[in-house]
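Undergrad: Show me the folded form of this:
(chains A and B)
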Amino acid sequence: MAIRQLSVFVENKPGTLAEVTDAISDAQIDIRAMCMAETQQFGLIRMIVDDVETAKQKLADRNLFVKTTEVVGVAVSDEPGGLAKAVRIVGDAGINIDYLYAFISVSKKNAYVVIRVDDNASAEKLLADNGFKLVTEDDISTL
Amino acid sequence: MGNFFQKEFETMPVEQIKMLQSEKLVKQVRHVYDNVEYYRNLMDEKGVKPEDIKGIEDLHKLPFISKEDLRKAYPYGMLATDLRNCVRIHSTSGTTGKRVIAYYTQEDIDMWDECCARALVAAGGSDEDIVQVAYGFGLFTGGAGLNGGSHKLGSLTLPMSSGNTDRQIQFMMDLGSTIICCTPSYAAYIGEVLAEKGYKPEDNKLKSGIFGAEAWTEEMRRDIEKSLGIKAYDIYGLTEISGPGVAFECEEQTGMHINEDHFIAEIINPETGEPLPEGEKGELVFTALDKVAFPMLRYRTRDICVLTREKCSCGRTFIKMCKPMGRSDDMMIIKGVNVFPSQIEAVLLNEGYAANYKIEVDRVNNSDTLDVYVEMKPEDFSDKIKDITKKEKELSAAIKTMLGIRPVVHLVAPKTIERSEGKAVRVIDKRKRLGITI
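TA: All right, here's what the predicted structure looks like:
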């Protein structure tokens, strides 16, 4: 059920992000969601794309250090309190969220959240039981 | 007991070696005094005459030659014979200043080649071997030295030079090279590429390798031995004294035997110049007894090392030198602490990292900074920042334990630090750019 996220490790210096986005755009792949985290030394670029395998290959072809990680994708209503409810449920269950990032879909008028936890299965079950709609990779490519 | 290339010298009783050295020294001092004006002046300033030198017990009376002297005497000032007698030059890389040019007569080349042949035999070589020389050829002494030694021995020699790793591997596999000679960092790289191409260590026919010309550690030796499936031997030398083969390792792998019939080694206190007793750590000094064209007397190598004359199971009687603990050219003083890149390398290998790294020293707000760039282990890649920063902190702490100062460790993506095919340039000292004398 979980969706695959691409993580790219880059040095924290000018131009490295452009290298990553060039690789993706040259392959005509669409980035659905993206989040960057950085320290003084390095940066991590995390992305949800509509064609994971091709994107991974294109990045590796450019000698970029890339890997896939399974994350939980969940749809939340695009209104005040939508995200708060989902996060509260996961937190109350004692599941630690390492990071999350959100994106919206104009066509479906929905907001989506990508959540990184250590135990995907538990988090997914919990959210589904509480009426949240989980996002699949198929959903991602048709958003 | 191992095999020898020139057993009569390599196993000569110590007393006899000393007599031979004394005899040669007296003649060599006369040769230098008569032919090298620069050194004659040094001796005259010190009030030493050739007749004052009656044997090795008088060696300490002679003035030293430093790298600075060689720079001052550049290009012909140290030449001790007519140019028509010289057949070749070699030169240092010049990375620490002006190049040093060394001249060789045919006798000089023959002596040097024999030293390298001894090293090859000590590494298990014979005329039945196929020796792949992957040191650079040209002004650098690495390629020429081992190439000459392999010829003397009668082995089939592959004068590959360094670089073009695909071709190195193709020749190694197709011809079945049995001994490889190159810099240790290049050997490690060849091992990496072999594994990438799907070869296992037992797929090649190599049995040993002779590696030198740059600092390397015991950990790196084990890595190379494992990845190539060989026994890795150390070799020592410097252009000023001849080239590789001044000292070489035997199967004991506990230090390098110095070719004492050709060279006298001393250890001195680098501050005072006083000779130190055997077993003490200090600067290595060489006197070349047989060199005709470019005869160095008491040349200060700036290598920090220890000499020991313990009985060796290989049967050689030559004194052994340890792996240099750092060339004082490499030594950096960071926040008042002496730091050798080899110490940092030892920690990296110990912690399971590849020997590919870059060290950057700078001065920010009047304080020295030390940055170490290391390639991340692929299995350590995480999408979580905290996992990677944890690895950086662990490595930084391990280096601090070794050096006493804490570096900033930067993990970088695998294969992003440039691989070297010759001498690896691993240290960038930006303080020099600022004109700071260290």
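Undergrad: May I have the phi/psi pair for B:Arg363?
TA: When quoted as degrees, to the nearest 10, the phi and psi of B:Arg363 stand at phi -130, psi 120.
Undergrad: For beta bridges, what are the partners of it?
TA: For B:Arg363, the residues forming beta bridges with it (DSSP bridges) are B:Asp368.
Undergrad: Can you list the residue ranges for helices in the stretch 301-438 of chain B?
TA: For the stretch 301-438 of chain B, the helices identified by DSSP state H, counting those that start in this stretch occupy B:341-350, B:385-403, B:430-433, in order along the chain.
Undergrad: swap that for chain A, please
TA: With DSSP state H, the ranges of helices along chain A come out as A:16-26, A:52-61, A:82-92, A:120-129, A:137-142.
Undergrad: possible to save those helices as JSON lines with mean pLDDT, mean neighbour count and distance to chain B?
TA: Bear in mind the C-beta positions are built from the backbone N, C-alpha and C, glycine included. As requested, the helices of chain A are exported to JSON lines (pLDDT from 0 to 100; neighbours: other C-beta atoms under 10 Å in any protein chain shown; distance: least, C-beta to the nearest C-beta, whole Å):
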{"stretch": "helix A:16-26", "mean pLDDT": "92", "mean neighbour count": "15", "distance to chain B": "10"}
{"stretch": "helix A:52-61", "mean pLDDT": "94", "mean neighbour count": "16", "distance to chain B": "11"}
{"stretch": "helix A:82-92", "mean pLDDT": "91", "mean neighbour count": "15", "distance to chain B": "17"}
{"stretch": "helix A:120-129", "mean pLDDT": "92", "mean neighbour count": "16", "distance to chain B": "13"}
{"stretch": "helix A:137-142", "mean pLDDT": "81", "mean neighbour count": "15", "distance to chain B": "17"}
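Undergrad: Take those helices and write them to TSV, including distance to B:His257.
TA: Conversion of the helices of chain A to TSV gives the following (distance: least, C-beta to C-beta, whole Å):
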stretch	distance to B:His257
helix A:16-26	50
helix A:52-61	48
helix A:82-92	68
helix A:120-129	61
helix A:137-142	65
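Undergrad: and the helices of the stretch 301-438 of chain B, which is most packed in?
TA: Neighbour counts averaged per stretch over those are highest for helix B:341-350, at a mean of 20; criterion: mean count of other C-beta atoms under 10 Å in any protein chain shown.
Undergrad: Tell me how far it lies from the chain's centre.
TA: In terms of C-alpha atoms, centre = their mean, to the nearest Å, the centre of helix B:341-350 is set 17 Å apart from its chain centre.
Undergrad: What residues does residue 59 make contact with?
TA: Using chain A. When the contact criterion is C-beta atoms under 8 Å, 6 or more residues apart in numbering or on different chains, the partners of A:Leu59 are A:6, A:8, A:20, A:23-24, A:66.
Undergrad: right idea, wrong chain: chain B
TA: Applying C-beta under 8 Å, 6+ apart to B:Leu59 gives the contacts B:25, B:53, B:264, B:266, B:287, B:298.
Undergrad: Inside helices: which ones of those residues?
TA: The subset of the contacts of B:Leu59 that ends up in helices is B:Leu25, with DSSP H as the criterion.
Undergrad: What is the most widely separated pair among the contacts of B:Leu59?
TA: Taking C-beta to C-beta as the measure, these reach their widest spread between B:Ile53 and B:Glu266, a distance of 14.3 Å.
Undergrad: Any residues of the stretch 251-400 of chain B in contact with chain A? List them.
TA: Within reach of chain A by C-beta under 8 Å from any C-beta of the partner chain, the stretch 251-400 of chain B has these residues: B:376, B:381-386, B:388-389, B:392.
Undergrad: Tell me how far B:Asn164 lies from chain A.
TA: 20 Å (C-beta to the nearest C-beta, to the nearest Å).
Undergrad: For that residue, give me the pLDDT.
TA: Predicted confidence (pLDDT) at B:Asn164: the value is 90.
Undergrad: same question, A:Asp118
TA: The predicted local confidence for A:Asp118 is 88.
Undergrad: How many residues are close by the residue of the stretch 151-300 of chain B found nearest chain A?
TA: In the stretch 151-300 of chain B, the residue found nearest to chain A is B:Glu196; the distance is 13.4 Å by C-beta to the nearest C-beta. When counting by other C-beta atoms under 10 Å in any protein chain shown, one arrives at 9 neighbours for B:Glu196.
Undergrad: Same question for the one 10 residues further on.
TA: By the other C-beta under 10 Å criterion, the neighbourhood of B:Leu206 contains 21 residues.
Undergrad: for the one 3 residues further on, same thing?
TA: When counting by other C-beta under 10 Å, one arrives at 25 neighbours for B:Gly209.
Undergrad: show me what contacts it?
TA: Under the criterion of C-beta under 8 Å, 6+ apart, the neighbours of B:Gly209 are B:123, B:179-182, B:187, B:224, B:228, B:230-233.
Undergrad: taking those one by one, which sit in strands?
TA: Helix and strand membership here follows DSSP state E; of the contacts of B:Gly209, those in strands are B:179-182, B:231-233.
Undergrad: now these in CSV, with pLDDT, distance to chain A and neighbour count?
TA: Written out in CSV, the entries for these read as follows (pLDDT from 0 to 100; distance: C-beta to the nearest C-beta, whole Å; neighbours: other C-beta atoms under 10 Å in any protein chain shown):
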residue, pLDDT, distance to chain A, neighbour count
B:Ile179, 98, 33, 27
B:Ile180, 98, 28, 30
B:Cys181, 97, 30, 34
B:Cys182, 95, 25, 29
B:Lys231, 97, 34, 17
B:Ala232, 98, 30, 23
B:Tyr233, 98, 34, 25
